[in-house]
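1. take a look and give me a structure for this.
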Amino acid sequence: MPWYELTSADDGRLNELAAKYHLHPLHVEDARSADERIKVDQTPTYAFAVLKPIRLAAEGADVSVSFSTLDIFAGRQDGEPFFITIAEPDCPATEQALERARRDGSDDKPGRLLYLILDTIVDLYFPAIDRIDDEIDHLEDQVIAQPDPGTLQCVFALKSQLVDVRRVLVGTRDATLHLQRDPESVIDAEHQPFVRDIYDHLVRLLDSVETQRDLVNNSLDIYLSSVANRTNEVMKVLTVLGTIALPVIAVSGIYGMNLKGLPFENSPHGAMYVAIMTVLFTLLLLWWLKRRGWS
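-> Below is the predicted model:
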């Protein structure tokens, strides 16, 4: 079975293959679109699939998730099978999927090649979900220990990544379901149970992502609570300090108005007496605050 491996949809051979195997112009256009959604389209002679292998970059506890694009044409023309892949270069997940298809594929079953590639791509989502789990655990510890703006930025970045992962998983799930239910599916009856197994894996992955989204939202709530508690502690300290300084401010303000007849006005030790009086008032205020349980 001829397998045409292209690294770019702009390759001139795609036009030749489209004419040879009667590929629909809209499918060729979709293959050349950088932002095409995940999908599987069936025609009487071939299936066109757009898949998103995952790219996982990790630096310490930080995980960066992105997605590559893999376009596949799999079918038969005049009884002869053919297989066309358009894969972005330098994507480890894509390379693993294609390598498995080359190793375990069949020379006369393009549907098996499509199944093997899809199965490998979905299996490689699991390590990424596990790494995101580890990052969430680290983030939860960081939110409690160091709730600073950098931590908040990590929370929002992780929320954005989970949104992207969920969108890809939902699209892949729908595409897998289409391969099962379409009567013209390129996947034969022998491989349909394996496609259902892929569907089950995607459902598990989506459940994990939903749980992770809840955990990240909880981390955000913990961050906001921690920041509010720290603000309350700061305000409490400032309020107590301001209250302690109140007797000194009141006494010094009264004696600073140059009024006649104030106590100790003509005494040579008046300043000392006033200082002792302010200290006594301050100690009395502290005792009262302590008794009220306010400090």
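2. contacts and neighbour counts: CA atoms only from here.
-> Noted.
3. what about stretch 66-86, average pLDDT?
-> Averaged across stretch 66-86, the pLDDT comes to 89.
4. again, but for stretch 226-239
-> Here stretch 226-239 scores 77 as its mean pLDDT.
5. so which bits of it are buried?
-> By neighbour count with 16 or more other Cα atoms under 10 Å, stretch 226-239 contains the buried residues S226, V227.
6. residues contacting that stretch, please?
-> V143, I144, P147 (Cα atoms under 8 Å, 6 or more residues apart in numbering).
7. repeat for stretch 83-102
-> Outside stretch 83-102, the residues that touch it by Cα under 8 Å, 6+ apart are 1-9, 31, 53-55, 68-75, 110, 113-114, 116-118, 120-121, 124.
8. check stretch 10-30 too.
-> With Cα under 8 Å, 6+ apart, stretch 10-30 has contacts from R32, E36, F48, Q77.
9. thinking again about what came up before, just the buried members of the contacts of stretch 83-102?
-> Looks like the contacts of stretch 83-102 have 6, 8-9, 31, 53-55, 68-75, 110, 113-114, 116-118, 120-121, 124 buried, using 16+ other Cα under 10 Å.
10. quick one, helices of the stretch 151-295 of the chain?
-> 192-244, 246-255, 270-292 (DSSP state H, counting those that start in this stretch).
11. mind splitting this structure into its structural domains?
-> 3-226, 245-292 (automatic domain parsing).
12. and those domains, which is most packed in?
-> Of all these, domain 3-226 carries the top mean neighbour count, a mean of 17, counting by mean count of other Cα atoms under 10 Å.
13. what about the strands in the stretch 51-200 of the chain?
-> 54-59, 62-67, 70-77, 80-87 (DSSP state E, counting those that start in this stretch).
14. any chance of these in a markdown table, with distance to A157 too?
-> Putting the strands of the stretch 51-200 of the chain into a markdown table (distance: least, Cα to Cα, whole Å) gives the following:
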| stretch | distance to A157 |
| --- | --- |
| strand 54-59 | 14 |
| strand 62-67 | 9 |
| strand 70-77 | 25 |
| strand 80-87 | 27 |
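15. G242 is nearest to which of these?
-> For the strands of the stretch 51-200 of the chain, proximity to G242 was assessed by Cα to Cα; strand 62-67 is nearest, at 43.3 Å.
16. need the contact list for the most centrally placed residue in the chain.
-> Residue closest to the mean C-alpha point of the chain, counted by Cα atoms, centre = their mean, is Q161 at 2.5 Å. Each residue near Q161 by Cα under 8 Å, 6+ apart is listed here: S64, V65.
17. from here on, call the first residue 470.
-> Done: numbering now begins at 470, and the last item shifts to Q630.
18. quick one: which of the contacts of stretch 695-708 sit in helices?
-> V612, I613 (DSSP state H).
19. can you add distance to V696 and pLDDT and give the contacts of stretch 695-708 back as CSV?
-> Formatted as CSV, the contacts of stretch 695-708 follow (distance: Cα to Cα, whole Å; pLDDT from 0 to 100):
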residue, distance to V696, pLDDT
V612, 10, 81
I613, 10, 78
P616, 7, 76
